[in-house]
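**Student:** Sequence and predicted structure below; questions after.
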Amino acid sequence: MAISLTEPAAERVRTHLDARGSGIGLRVGIKKTGCNGFAYVINYADEVNDVDVIFEDRGVKIVVDEDSLALIDGTEVDFIKEGLNEAFRFRNPNVTGECGCGESFSV
C-alpha cells in the first residue's frame, strides 16, 4: 500500500510547508460527494491521528486515514501548472469512472 508524489508535487508541498513554518507533510483523503461518489481532499498535515497511515516519498510525509487508503491505494499525486491555473492531480488506479467535470470519481 502506498501513495506517491511526482517531483513537482513534492516540491510544491516542501515550498508551502517551509512558507507556513509548520506542518509535518501532506494529508490526502476522500469524501463522499459529487455525481460519481467521491472527491479527493488535500491539505497540509499538522498532526497524525490513530487511524492514519504515513508514507514518505521524495522527502515528503504523506498522511492518509485508513478508510481513504482503501480507495486511493496506489495513487500518484502530481502538481500541474497550465497557464494561470495550477492544481494537484491524481492518478488513481482504482478509479472505474469519473464525472464529466472531473470533480468526482467512483471505484
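**Tutor:** Nice, thanks for sending it over.

**Student:** as a whole number, average confidence for stretch 2-19?
**Tutor:** The pLDDT scores in stretch 2-19 average 95.

**Student:** got a list of contacts for that stretch?
**Tutor:** 23, 25-26, 28, 44, 55, 57-60, 62, 64, 69, 72-80, 88 (CB atoms under 8 Å, 6 or more residues apart in numbering). Every residue, glycine included, has its C-beta placed from N, CA and C.

**Student:** Buried ones in it, by neighbour count?
**Tutor:** For stretch 2-19, a neighbour-count test (16 or more other CB atoms under 10 Å) marks 3-6, 8-10, 12-14, 17 as buried.

**Student:** now do stretch 69-85
**Tutor:** 69, 71-72, 75-79.

**Student:** could you dump it to CSV, C-alpha only?
**Tutor:** Provided in CSV are the C-alpha atoms of stretch 69-85 (Å, rounded to 0.1, in the frame of the first residue of the first chain):
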residue,chain,number,x,y,z
LEU,A,69,-6.5,4.5,1.8
ALA,A,70,-8.6,1.6,0.7
LEU,A,71,-10.0,3.7,-2.2
ILE,A,72,-6.8,5.6,-3.1
ASP,A,73,-4.1,3.0,-2.6
GLY,A,74,-1.5,3.2,-5.4
THR,A,75,-2.4,6.8,-6.3
GLU,A,76,0.2,9.1,-7.6
VAL,A,77,-0.2,12.8,-6.8
ASP,A,78,1.1,15.3,-9.4
PHE,A,79,1.1,19.1,-9.4
ILE,A,80,0.2,20.7,-12.8
LYS,A,81,0.6,24.3,-14.0
GLU,A,82,-1.4,25.3,-17.1
GLY,A,83,-1.2,29.0,-17.8
LEU,A,84,-2.6,30.8,-14.7
ASN,A,85,-4.2,27.6,-13.3
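
**Student:** Can you tell me which of the buried residues of stretch 2-19 is nearest Thr33?
**Tutor:** Of all the buried residues of stretch 2-19, Thr33 sits closest to Ile3, with 19.9 Å by CB to CB.

**Student:** And the closest one, how close does it get to Leu84?
**Tutor:** 28 Å (CB to CB, to the nearest Å).
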